[in-house]
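Visitor: The following block contains a protein sequence and its predicted model.
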Amino acid sequence: MKRIVYITLVACLFALSSHGQVRFGIKAGWNVNKVTWKWKQLQENIKSDNRNGYFAGVTLDVTIPIAELGVDFAVLYDNRVIAVPTAYEDVNKTMDYIIVPVNLRYTIGFSDFLSIYASTGPQVSYYIGDRSWILDDRFISAWTSGWEINKSDLSWNVGGGFSLFNHFRLGYNYNIMLGHTNEFTIRRVGGYIERGTLKDNTHQISLTYLF
């Protein structure tokens, strides 16, 4: 399903590029993760504190001046840090991704100096780090917990921002996970297993320079 969605979107992007202005650029920014844990066999969810990360990469910008619409296609390296709750403290874990967002953009221009925009669209994230985590936690009676991170995830972006001098773009984006980021199991010595999931939504502040 993810491949079908992206093949369709990329085909539309190249179709639009034949009728609009196409520019390449570089993009980088800051992540703040909002992580929620869901333990199916426990009564309460465990929510971790927010953690910081970053992303950087290249972008392709297609603008259709008549409709004031555009499409942003990017390939970015994305670094996220999440806190895994244990008995005495949260253990920071790093998650490394290659992310591919495709966002539809609507722009309102005030002058050659300043314009504002709103954007939304899907994103596919490909995990490139260690997919299996092992964590021993005395809080749960020395059970062994095993985490298995998804190879890829589908999410949705909603955001907006400012364009300056027709080259710089300062934006805010909220990335909403469609589904869960990973699954985990906690196995007691006696053999009893608890299962749960992790969902990782992300606030992003970005700066883009278009050539």
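Guide: Yep, it's here. Numbers count the residues shown, from 1 in each chain.
Visitor: what's in contact with stretch 115-124?
Guide: For stretch 115-124, contacts defined as Cβ atoms under 8 Å, 6 or more residues apart in numbering pick out 2, 5-6, 9, 70-72, 99-110, 152-163, 169, 171, 173, 175. Where you see a C-beta, it was placed from the backbone N, CA and C, and this is true even at glycine.
Visitor: Please indicate which of those residues are buried?
Guide: Neighbour-count burial (16 or more other Cβ atoms under 10 Å) applied to the contacts of stretch 115-124 gives 6, 9, 70-72, 99-105, 107, 153-155, 157, 159, 161, 163, 169, 171, 173, 175.
Visitor: Return the subset of those residues lying in strands.
Guide: Among those, the members found in strands (DSSP state E) are 70-72, 99-105, 107, 153-155, 157, 159, 161, 163, 169, 171, 173, 175.
Visitor: now the helices for the protein?
Guide: Along the chain, counting by DSSP state H, helices occupy 2-17.
Visitor: For stretch 107-114, which outside residues touch it?
Guide: So stretch 107-114 is contacted by 63, 68-70, 115-117, 162-166 (Cβ under 8 Å, 6+ apart).
Visitor: Show me which of those residues has the smallest pLDDT value.
Guide: pLDDT across the contacts of stretch 107-114 is lowest for residue 68, at 82.
Visitor: number of nearby residues for it?
Guide: A count of nearby residues for residue 68, using other Cβ atoms under 10 Å, gives 14.
Visitor: out of everything not next to it in sequence, what's closest to it?
Guide: Nearest residue to residue 68 in three dimensions, chain neighbours excluded: residue 107, at 5.2 Å (Cβ to Cβ, 6 or more residues apart in numbering).
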